[in-house]
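Undergrad: need a 3D model of the following:
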Amino acid sequence: MIITRTPFRMSFVGGGSDLPSFYLNESGRVISTTINKYMYVSIHKKFFKNIRVNYSQTEEVDDITKIKHPIIREILKYMKINDDIEISSLADIPSKGSGLGSSSSYCVGLLNALHLYKKIKLSKKELAEKAFMIESKMCDEPGGKQDQYAASFGGIKEYTFNPDNSVNVEAINVSNDNFEKLSQSILMFYTGMTRKSSLPLHDVIENINNNKKNIDTIRIMSSLCHDFKDNMINGDIQALGEILDKNWQLKRSLSKIVSSDDIDELYKKALKFGAFGGKILGAGNGGFLMFIVPKDKCASVKEALSNLKSVDIKFEKSGSQQVLNDNYE
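TA: Residues are numbered from 1 along each chain as shown. The predicted structure follows:
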């Protein structure tokens with residue numbers, strides 16, 4: 001049996017500039033971190049001759065082309081694996097429409113596991129690029145590149161997406177004290193609202209292509225990375241929250257379906273009770289709300305949003321990795 005563990009990611013600023021519709025014309029930048037919530041993928045040789053895949057559903061087929069789950073099907077086709085195996089997955093938190101890059105964490109985790117199964121070594125960059133190719137080209141998903149890179153590399157990073165399709169990965173060197181200070185100031189809440197991430201993404205991409213003002217907006221969001229990184233290194237929690245708020249207001253302007261009246265009310269309430277700023281994670285319109293809150297106001301914000309499930313998180317420093325490998329012939 002082989003098991004991989006791949007973290008979910010939390011994006012701070014610059015989202016949207018990792019979309020090809022933007023970065024193929026000018027470089028985009030995103031700052032994100034991975035968190036201690038994971039996608040686990042296991043591969044096990046089967047006794048009987050067929051393929052079984054377990055996710056929110058169970059499929060049992062005699063040929064990979066019959067698999068309905070697009071990521072599983074396309075990865076097995078790409079790697080030419082038609083063996084008698086069982087593929088299963090488990091996640092620490094609800095993954096559908098979470099805004100935490102769950103589909104990419106699954107794709108990266110499965111690719112990592114299957115390359116271990118085939119005894120093929122991959123670099124983190126190769127793993128990220130293959131996952132992006134699978135999702136964007138073979139599964140025709142509209143997302144950007146940041147999710148696959150975050151899941152592969154892990155940690156707090158600044159990613160620069162260049163017009164030549166290269167990606168620069170820069171670790172942000174935050175002191176242990178400021179790392180802990182920021183970690184303790186992050187509050188995350190599950191809204192209970194789920195959506196298919198491609199819906200707001202399609203709308204954003206269409207708006208980028210049809211309106212130069214939206215390109216300018218994403219350019220500003222990308223430029224926020226510079227100040228966000230400086231204030232992260234300096235440990236200025238208030239400045240980080242205010243930058244996050246600016247990024248959220250810009251993001252809301254890109255599409256009418258990024259937010260909703262319910263989400264806007266929750267956001268306003270959190271600010272009223274002390275949050276410096278926040279955002280809906282991922283494409284928007286559901287999933288998880290994240291806020292940066294001064295330590296002495298965390299209890300007040302939690303109480304104000306007590307109708308939502310609060311999720312305790314910590315930053316983590318590793319990307320996708322194996323946790324078990326008993327791969328033998």
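Undergrad: count of residues packed around K272?
TA: Using other Cβ atoms under 10 Å, K272 has 11 other residues around it. (C-beta placed from N, C-alpha, C; glycine too.)
Undergrad: is it true that it touches V301?
TA: No - contact criterion Cβ atoms under 8 Å: K272 and V301 do not qualify, at 9.2 Å.
Undergrad: identify the residues contacting the closest residue to L122 other than its chain neighbours.
TA: In space, L122 comes closest to H115 once its chain neighbours are excluded; the distance is 5.2 Å by Cβ to Cβ, 6 or more residues apart in numbering. Counting by Cβ atoms under 8 Å, 6 or more residues apart in numbering, H115 touches M79, K121, L122, L127.
Undergrad: closest to S104 among these?
TA: L127 (10.9 Å; Cβ to Cβ).
Undergrad: tell me the SS of the closest one?
TA: Put simply, L127 is helix when judged by DSSP: H, G, I helix; E, B strand; the rest coil.
Undergrad: mind listing what it touches?
TA: By Cβ under 8 Å, 6+ apart, the neighbours of L127 are V108, L111, N112, H115, Q148, S152, S320.
Undergrad: identify the farthest-apart pair in these.
TA: Farthest-apart pair in the contacts of L127 is H115 and Q148; separation 14.5 Å (Cβ to Cβ).
Undergrad: could I get the full set of helices for this protein?
TA: Under the criterion DSSP state H, helices of the chain are mapped to 20-23, 70-79, 102-117, 124-133, 146-153, 176-185, 198-210, 212-234, 237-252, 261-272, 298-304.
Undergrad: and the fourth one, how far out from the chain's middle?
TA: Translated: helix 124-133. 14 Å (Cα atoms, centre = their mean, to the nearest Å).
Undergrad: can you give me the mean pLDDT across that helix?
TA: Averaging pLDDT along helix 124-133 gives 98.
Undergrad: re the thing from before, by neighbour count, which of the contacts of L127 wins?
TA: Busiest of those [other Cβ under 10 Å] is V108, holding 33 neighbours.
Undergrad: need the per-residue pLDDT for the spatially most central residue of the chain.
TA: With distances taken as Cα atoms, centre = their mean, the chain has G101 as the residue nearest its mean C-alpha position (2.5 Å). pLDDT, G101: 91.
Undergrad: what's it in contact with, if anything?
TA: Applying Cβ under 8 Å, 6+ apart, the residues near G101 are F8, R9, S11, Q146, D147, A150, A151, G282.
Undergrad: my guess is the first one contacts S98. True?
TA: Which is F8. Yes - using Cβ under 8 Å, F8 is in contact with S98, at 7.3 Å.
Undergrad: tell me which of those two has more neighbours.
TA: When neighbours are counted by other Cβ under 10 Å, F8 and S98 differ, and F8 comes out ahead with 28 against 23.
Undergrad: pLDDT at that one, what is it?
TA: Reported pLDDT for F8: 97.
Undergrad: ok, now the one 5 residues further on?
TA: The predicted local confidence for V13 comes out at a pLDDT of 97.
Undergrad: quick check: most distant residue from the centroid of this protein.
TA: Most peripheral residue of the chain (Cα atoms, centre = their mean): F48, 35.8 Å.
Undergrad: got the contact list for the closest residue to that residue other than its chain neighbours?
TA: The spatial neighbour of F48 that comes closest, neighbours along the chain excluded (Cβ to Cβ, 6+ apart), is D84 at 6.8 Å. D84 makes contact with K45, K46, F47, F48, K49, N50, I51 under the criterion Cβ under 8 Å, 6+ apart.
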